[in-house]
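Peer 1: build me a model from this:
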Amino acid sequence: MGSVVLNFSWLIPNQIAGAGQLGADGFGPGLEGESLAGDLQQLRRDGVGAIVSLTEEGLDRSMVGSYGISYLHLPVGDMKAPSFEEIDRFLAFARGCIEDRLPVVVHCRAGMGRTGTMLACYLVGQETMPPSEAVAEVRRVRPGSIETTAQEAVVHRFAEHRRAG
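Peer 2: Numbers count the residues shown, from 1 in each chain. Next up is the predicted model:
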């Protein structure tokens, strides 16, 4: 049986997606995750060429690389909001990958708070929509995303920061 990547969905098809913990064996009660190798195989089958890991502990970089997947480990504390520097690093990596036709998956533990926040910042950073619409779009595609007021607020502050230049 093939791997089913925890909470995987495309925000923008074949460009950027979100997911929960990769290789989530033992993620929690009742959540029977597949191995990291199985998840990486499934992501490659889905066309993913790059991973951004927002969890405190990163993935096995050599294993990720062995599947031909680019990787950025950008640890953000659980239930926390990323800094502008972390958002900028994420955007630079994601843009470069997407320009190289390497679709990106962003993941954290559940694929909701940190992942949703970065996905909304991606929409704002691409100047495709204002922050309120970006938050709403991420929540529409990935219900339950952007879990805390601090996470939602950073999307708005990031948009202001970009406008101020």
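Peer 1: give me the most central residue, this protein.
Peer 2: V106 (1.8 Å; CA atoms, centre = their mean).
Peer 1: report the contact partners of that residue.
Peer 2: Counting by CB atoms under 8 Å, 6 or more residues apart in numbering, V106 makes contact with 16-19, 51-52, 54, 90, 94, 115, 118-119. From N, CA and C alone the C-beta is placed, and that goes for glycine too.
Peer 1: now, the residues you listed that are in strands?
Peer 2: Counting by DSSP state E, the contacts of V106 place 16-19, 51-52 in strands.
Peer 1: give me the number of residues near the residue lying closest to F90 once chain neighbours are set aside?
Peer 2: Among residues not flanking F90 along the chain, M118 sits closest, at 5.5 Å (CB to CB, 6 or more residues apart in numbering). Neighbours of M118 under the rule other CB atoms under 10 Å: 30.
Peer 1: which stretches of this structure form strands?
Peer 2: Using DSSP E, strands in the chain cover 9-12, 16-19, 50-53, 70-73, 104-107.
Peer 1: nearest to R157, of these?
Peer 2: strand 104-107 (19.3 Å; CB to CB).
Peer 1: list the buried residues for the closest one?
Peer 2: Buried residues in strand 104-107, counting neighbours by 16 or more other CB atoms under 10 Å, are found at 104-107.
Peer 1: quick check: end-to-end length of stretch 67-83?
Peer 2: 30 Å (CA to CA, to the nearest Å).
Peer 1: mean confidence score for it?
Peer 2: Averaging pLDDT along stretch 67-83 gives 97.
Peer 1: flag every buried residue along that stretch.
Peer 2: 67, 69-72, 74-76, 80-82.
Peer 1: which two among those residues are spaced furthest apart?
Peer 2: That would be Y67 and A81, which, of the buried residues of stretch 67-83, are the farthest apart (CB to CB) at 30.3 Å.
Peer 1: and the helices in this structure, which stretches?
Peer 2: Taking DSSP state H to define them, one finds helices in the chain at 36-45, 61-66, 84-99, 113-125, 131-141, 149-164.
Peer 1: of all those helices, which lies closest to V5?
Peer 2: helix 36-45 (5.1 Å).
Peer 1: by contact count, what packs against the closest one?
Peer 2: helix 61-66 (3 or more CB pairs under 8 Å, 6 or more residues apart in numbering; DSSP states H and E).
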